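S.K.: what shape does this take:
(one chain, ligands or ions: 1)
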Amino acid sequence: MNDVVIVGGGPVGLYLAGSLAESGVKVVVLERKKEIGKEVICTGIIGREAFEKFQLPSQAIDSSIQKVELVSPGGDRIFYTHPHPFAYVVDRVAFDQLLAARAQARGVEIISGIEVVDIRRSAHIIEVTGRENDHLNRFYKAKICVLATGNSFRFHHQLGLGLPQEFVFGGQVELHDDEKHLHRLWFGKAHAPGGFAWQIPLKRKKLKVGLLSSTDTRPYLVRILKKYYPLGKQLPLVHEISQKAITQGIVSPSFSDRVLAVGEAAGQVKTTTGGGIFYGLLGARIAEKIIKQALITNSFQESHFSIYEYEWRRRLEKEIRLGLTMRKFYSLLDDEDVSRLFEIARDNGVFPLVQQKGNFDWHSQLILNLIRHLSHHPRHLPPIFQISWEVWKKAKKEFQKKPDVTEIPFTKVD
Ligand SMILES: Cc1cc2nc3c(=O)[nH]c(=O)nc-3n(C[C@H](O)[C@H](O)[C@H](O)COP(=O)(O)OP(=O)(O)OC[C@H]3O[C@@H](n4cnc5c(N)ncnc54)[C@H](O)[C@@H]3O)c2cc1C
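M.R.: Numbering: from 1, shown residues only. The predicted structure follows:
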């Protein structure tokens, strides 16, 4: 009998497992992949704040980011240098494996190669069935079950949890290239509809090239690869590119009797960029506190776990909502509008504002300050901005709105 069974050995599940075990909680993590960290599709960019706040394993850091080249749809370039390195690029295999090793050293049992296929809840216990090698069933009992399953929502409905409002797609390839490359972001529909593309140089002449989009990323990624990387035969074909859906928007309720969802499985993801590690870790830290209280007081009903959702939404909801509104607005812009924004950014003091208000993980302050700043230059803005004044006002209202915690179901209605 375990105190907690965590389904999913991604960074959020592993971090939560290690933190709980440090306080003596008996935890088992079940991961369907044969090896932790393998076949992960992720660029691994994590803000400095997250590293410091969560004491993340610095041995996994490959490089840091301070300068970025921004490319408009028409090919105009702007170079932005932050006053200091603002984020790290981690090797996700090493990162996940180091989190796993830390958790194991604290007593967590991590079992890989087990796919959870069933979760049953009774008044006193949670029973989880895991399948090994597609046929062998294994059974695990616990007082609490945490779903840290990333973008897999297989058990949410059955256990009374909500589902995400929508998804975007993220695709990525890793290249070997002898040339020296900069950190680069491409914008505009021609590059990435409803999103953006990136190039992240790594040590040892490697390069991650990826794309976030509201549609299939692969044809766009191939176009970027062909245009910017003269590597000929080494370039992957469309079907060789891995892509993944990324949760967008709050998943509510993110709890029920004896069950909590954390990380991407709860929608704890930045809706502007699709980055989910930092918000997921924040969610895990709140979950840790609530789970420890539940075990001490023997309170496993949803009325106790609702505090978890109240607390994480209080911290993250405004950012998630505002980011979603802004990304949707951005996806309405055509390439001419985006190029015009590049011109405005170059001339109108936007970058000093980014230096002052920009934060890698918290985007709302910068978004609102940019809106205020640009509203002083309405004549220079593309026509869609004049028409979309309503969207701008809505974005501001979203931010001012308090999280609507009354919609969190505190008691179960049978
Ligand atoms: C192309 C791309 C680039 C990205 N770049 C970044 C970035 O630079 N920075 C950033 O912060 N985020 C980035 N993300 C998002 C980030 O990868 C995720 O938000 C993050 O991994 C979420 O962590 P998690 O632990 O919640 O879920 P995951 O990392 O998805 O882990 C969930 C785990 O649960 C396991 N699982 C699921 N179902 C079962 C089951 N039934 N039984 C057993 N195991 C199960 C899965 O195998 C998986 O290992 C990117 C995403 C994509 C697609």
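
S.K.: longest helix in the chain, by residue count?
M.R.: Identified as the longest helix of the chain according to DSSP state H is helix 302-332.

S.K.: against which helices or strands is the next helix or strand after that helix packed?
M.R.: Helices and strands here follow DSSP states H and E; after helix 302-332, the next one along the chain is helix 335-347. Packing partners of helix 335-347 (3 or more Cβ pairs under 8 Å, 6 or more residues apart in numbering; DSSP states H and E): strand 77-81. Glycine gets a C-beta too; all of them are placed from N, C-alpha and C.

S.K.: coming back round to it: gap between the longest helix of the chain and the chain center?
M.R.: 13 Å (Cα atoms, centre = their mean, to the nearest Å).

S.K.: what's the angle from it to helix 335-347?
M.R.: 100 degrees (axes from the mean of the first three to the mean of the last three Cα atoms, to 10 degrees).

S.K.: could you confirm whether helix 302-332 reaches the ligand?
M.R.: No: using Cβ under 6 Å from any ligand atom, helix 302-332 stays clear of the ligand, with a minimum separation of 12.7 Å.

S.K.: roughly how far does the residue positioned nearest the centre of the chain sit from the ligand?
M.R.: Within the chain, the residue whose C-alpha comes closest to the C-alpha centroid is G276; the distance, by Cα atoms, centre = their mean, is 1.5 Å. Taking Cβ to the nearest ligand atom, to the nearest Å as the criterion, G276 is separated from the ligand by 2 Å.

S.K.: where exactly do the helices run in this protein?
M.R.: Secondary structure of the chain (DSSP H): helices located at 11-22, 48-54, 92-105, 218-228, 277-297, 302-332, 335-347, 350-357, 364-375, 383-387, 389-400.

S.K.: hang on, the earlier thing: and the average pLDDT for the longest helix of the chain is what?
M.R.: Helix 302-332 shows an average pLDDT of 91 in the prediction.

S.K.: now that helix against helix 364-375, angle please.
M.R.: Going by the same axes, to 10 degrees, helix 302-332 makes 30 degrees with helix 364-375.

S.K.: tell me how many other residues surround L136.
M.R.: Per other Cβ atoms under 10 Å, the neighbour tally for L136 reads 9.

S.K.: and of the helices of the chain, who's closest to W186?
M.R.: With Cβ to Cβ as the measure, helix 218-228 is the member of the helices of the chain nearest W186 (6.7 Å).

S.K.: contact partners of the closest one?
M.R.: Outside of helix 218-228, the residues that reach it under the criterion Cβ atoms under 8 Å, 6 or more residues apart in numbering are 171-173, 175, 186, 191-193, 197, 199, 209-211, 213, 231, 235-239, 241, 243.

S.K.: close to the ligand: what parts of the stretch 51-200 of the chain are there?
M.R.: Near the ligand, the residues belonging to the stretch 51-200 of the chain are 115-116, 148-150, 152, 154, 170-172 when assessed by Cβ under 6 Å from any ligand atom.

S.K.: mind giving me the packing neighbours of the longest helix of the chain?
M.R.: Contact here means 3+ Cβ pairs under 8 Å, 6+ apart; on that basis helix 302-332 packs against strand 255-256, strand 259-261, helix 277-297, helix 364-375, helix 389-400.
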